[in-house]
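J.: sequence? don't have it. structure:
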């Protein structure tokens with residue numbers, strides 16, 4: 001398939017879906033392989049740019065007023081501030097538009113409260129704002145100890161009165177370089193380092209600034225491309241850290257939990273299975 005044919009397929013897929021397709025959507029809906037895209041464009045982000053498209057999360061921006069009403073109805077139905085799972089179970093939307101607006105799902109309740117007050121909707125949604133206020137009060141007024149944090153990860157042993165012997169481990173792996181899976185970003189960086197050559201990467205540099213590193217990736221026998229890499233434990237942390245997708249080409253993570261991610265994602269957990 002030629003470069004122009006691939007661009008035509010991307011445009012047609014966008015028209016079919018009603019928004020700029022994610023990398024996973026274009027491979028699923030249009031049957032374009034990642035290899036085809038890399039061969040002609042290097043990265044999917046560059047392919048979109050050549051099609052005069054820019055993907056930001058879901059590809060289009062919902063009016064905040066409509067998002068507020070939908071979110072507030074979920075709060076009213078559940079009589080509590082919803083978790084992501086609860087919101088997506090009840091709502092007709094995914095959490096993506098709200099998370100992108102406010103930077104993190106944890107910021108959504110306060111952001112929605114401020115929006116309602118600014119729009120003069122406080123009286124109409126008095127019960128919802130009261131629930132948000134109670135949630136904020138509990139969050140600010142109750143200090144979390146270390147023991148519950150360990151208990152949520154380590155189970156009943158951490159809830160006992162005896163000492164907690166940490167740290168906890170990730171899943172057991174069949175790897176000579178790392179016995180257990182990563183539990184943080186540092187573990188992801190190390191594991192990727194042990195796999196880089198096998199995966200066709202040659203690191204050029206690592207840095208403390210964003211993005212974390214640059215590498216050359218082999219896409220054909222005698223052809224390499226430059227790739228800007230950000231390491232995250234979970235791909236969704238890219239949003240939490242408020243990074244700019246235009247300044248990065250690839251997220252390397254242990255767990256990919258951001259379906260609408262506009263960037264290519266390398267999930268190391270899948271490789272180790």
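T.: Nice, thanks for sending it over. For clarity, every value in this text was computed on a predicted model and none was experimentally measured.

J.: which stretches of the chain form strands?
T.: For the chain, applying DSSP state E gives strands covering 201-206, 213-220, 223-234, 250-255, 264-267.

J.: tilt between the first one and strand 223-234?
T.: Interaxial angle, strand 201-206 versus strand 223-234 (axes from the mean of the first three to the mean of the last three Cα atoms, to 10 degrees): 70 degrees.

J.: Partner strands of strand 201-206, with direction?
T.: Sheet pairing for strand 201-206, assigned by DSSP bridges, gives strand 213-220 (antiparallel).

J.: The partner strand: which residues count as buried?
T.: 213, 215, 217, 219 (16 or more other Cβ atoms under 10 Å). In this view, the C-beta of every residue, glycine as well, is placed from N, C-alpha and C.

J.: ditto for stretch 76-94
T.: Within stretch 76-94, judged by 16+ other Cβ under 10 Å, the buried ones are 81, 82, 84, 87, 91, 93.

J.: My guess is residue 41 contacts residue 34. True?
T.: No: if you go by Cβ atoms under 8 Å, residue 41 and residue 34 don't touch, sitting 10.8 Å apart.

J.: neighbour-wise, which of the two wins?
T.: residue 41 (20 against 15; other Cβ atoms under 10 Å).

J.: Spit out the contact partners of that one.
T.: Residue 41 makes contact with 3, 6, 47, 50 under the criterion Cβ atoms under 8 Å, 6 or more residues apart in numbering.

J.: Helices - which of those land there?
T.: Judged by DSSP state H, helices contain the following of these: 3, 6, 47, 50.

J.: so which of the residues you listed comes closest to residue 197?
T.: residue 47 (26.7 Å; Cβ to Cβ).

J.: now that closest one, nearest residue through space, not along the chain?
T.: Nearest non-adjacent residue to residue 47, counting by Cβ to Cβ, 6 or more residues apart in numbering: residue 41, 4.0 Å away.

J.: ok, how many other residues are close to residue 254?
T.: 25.

J.: Would you mind measuring from it to residue 267?
T.: Between residue 254 and residue 267 the computed distance is 7 Å (Cβ to Cβ, to the nearest Å).

J.: Same check on residue 81?
T.: Applying Cβ to Cβ, the value for residue 81 to residue 267 is 30 Å.

J.: Ok, residue 99 next?
T.: In terms of Cβ to Cβ, residue 99 sits 19 Å off from residue 267.

J.: next one: residue 15
T.: For residue 15, the distance to residue 267 - Cβ to Cβ - is 29 Å.

J.: which of those two has more neighbours?
T.: Counting neighbours by other Cβ under 10 Å for residue 15 and for residue 267 shows that residue 267 has the greater number, 17 against 9.

J.: Could you report the neighbour count for the spatially closest residue to the more buried one that is not a sequence neighbour?
T.: Spatial nearest neighbour of residue 267, excluding adjacent residues (Cβ to Cβ, 6+ apart): residue 256 at 4.0 Å. Residue 256: 19 surrounding residues under other Cβ under 10 Å.

J.: Hmm, residue 256 is touching residue 268, no?
T.: No: using Cβ under 8 Å, residue 256 makes no contact with residue 268, being 9.4 Å away.

J.: Would you mind listing the buried residues in stretch 25-32?
T.: Buried residues in stretch 25-32, defined by neighbour count with 16+ other Cβ under 10 Å: 25, 26, 27, 29, 30, 32.

J.: hmm, back to that, which of the contacts of residue 41 scores worst on pLDDT?
T.: Least confident entry in the contacts of residue 41, by pLDDT: residue 50, with 79.

J.: just to revisit the earlier point, which of the strands of the chain sits most buried?
T.: For the strands of the chain, the largest average neighbour count (mean count of other Cβ atoms under 10 Å) is found in strand 250-255, namely a mean of 24.

J.: still on that earlier bit, okay if I get the strands of the chain as a markdown table plus mean pLDDT and distance to residue 120?
T.: Shown next, in a markdown table, are the strands of the chain (pLDDT from 0 to 100; distance: least, Cβ to Cβ, whole Å):
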| stretch | mean pLDDT | distance to residue 120 |
| --- | --- | --- |
| strand 201-206 | 94 | 50 |
| strand 213-220 | 91 | 48 |
| strand 223-234 | 94 | 38 |
| strand 250-255 | 95 | 40 |
| strand 264-267 | 93 | 41 |
